[in-house]
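1. structure for this input, please:
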Amino acid sequence: NTRSLGIMGGETLLNKELEKILQMARQVLPKTDLAIYTNGILLAEKDEKFWKCCHDNKVRIAISRFPIKLDLKTIFYKAKKYEVIVHFYGGTLTEFKKMYKMKLDIEGKQDAKEMSDACWQNGFCCMLENGKFYKCTTAGHIHRFSKFFNLDIYPCEEDYVDIYKIKSGKELIDFFQKVTPICRYCDMKHQTTDLDFEISKKEITEWS
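-> Residues are numbered from 1 along each chain as shown. Model (predicted):
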C-alpha cells in the first residue's frame, strides 16, 4: 500500500546500481509512484540505457532546483524522447529552490515527543544506511556531524530499526509509532526557512 517511493542520495545519479534499484523497486511495488530525486548535474549525460530504464519502470525524475548550471535543453529533450516525466522539486524554470535550517540543540535538552510531533521529516524523509532504517535524515547523519565537531551525539539502538533483524512489516510500523530518543537534539521551535543557498563555512553555528 506504499503510495510513493523516492530514491534520494547524496546525489542519486552517482549510485552505480541505480538502474537495478529502480527495477527491483518497481517489481516489488508495481502500483507505487516511483521517483528519482537529483540535483540534475549528471542528468544530461545519462545514456539511453538509463532513460529506457526510467521509461520501462515508470519512474519520474524530480530535479531539486539549486543555483547551479544545468543543461536543461538536453535534459528535457531526452525526457521527451524517452517519454519520462521530468519536473522540478522546489523552484521553477526561473526561480531557485530555497533552503531551510534544521536547528540542533547540541545539549539534547528538548522534549523528544514534542519535537517528534512537530517534525515534518518524521516518517516522510526516511533514511536507510548499512541496514539501519531511520525515521529521518537528521538521525541517520548526526553521527557525521558529531564526529566533525568532536561531540558525543550518536544514535542508540532505539533510534533505528535493523532491517536484518526485524521479522515483519508490523515491527517497522510499530517503530514509526514510537518517539526516538535522538529527537531531543532537534529544536523544531527555531527552525528557519526561505533561505538562499550558499556554500557552508563548516561552522557549528550554522546548525546550532
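2. I figured Val84 was touching Ala62, is that so?
-> No - Val84 is beyond contact range of Ala62, at 11.5 Å (criterion: Cβ atoms under 8 Å). Every C-beta, even on glycine, is put in place using the N, C-alpha and C of the backbone.
3. what touches both of the two?
-> Counting by Cβ atoms under 8 Å, 6 or more residues apart in numbering, no residue touches both Val84 and Ala62.
4. could I get the contacting residues of Leu70?
-> By Cβ under 8 Å, 6+ apart, the contact list for Leu70 reads Gly40, Ile41, Leu43, Ala44, Ile63.
5. could those go into JSON lines alongside distance to Arg3, secondary structure and neighbour count?
-> As requested, the contacts of Leu70 are exported to JSON lines (distance: Cβ to Cβ, whole Å; DSSP: H, G, I helix; E, B strand; the rest coil; neighbours: other Cβ atoms under 10 Å):
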{"residue": "Gly40", "distance to Arg3": "25", "secondary structure": "coil", "neighbour count": "24"}
{"residue": "Ile41", "distance to Arg3": "29", "secondary structure": "coil", "neighbour count": "16"}
{"residue": "Leu43", "distance to Arg3": "25", "secondary structure": "helix", "neighbour count": "23"}
{"residue": "Ala44", "distance to Arg3": "30", "secondary structure": "helix", "neighbour count": "15"}
{"residue": "Ile63", "distance to Arg3": "21", "secondary structure": "strand", "neighbour count": "22"}
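6. got a markdown table for the residues you listed, with distance to Phe88 too?
-> Listed next are those as a markdown table, based on distance: Cβ to Cβ, whole Å:
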| residue | distance to Phe88 |
| --- | --- |
| Gly40 | 9 |
| Ile41 | 14 |
| Leu43 | 12 |
| Ala44 | 15 |
| Ile63 | 5 |
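7. of the residues you listed, which is the nearest to Leu195?
-> Proximity of the contacts of Leu70 to Leu195 (Cβ to Cβ) peaks at Ile63, which lies at 19.6 Å.
8. distance of the residue lying farthest from the centre of the chain from Thr74?
-> Relative to the centre of the chain, the most outlying C-alpha is that of Lys81, 28.0 Å out, by Cα atoms, centre = their mean. As judged by Cβ to Cβ, to the nearest Å, Lys81 and Thr74 stand 10 Å apart.
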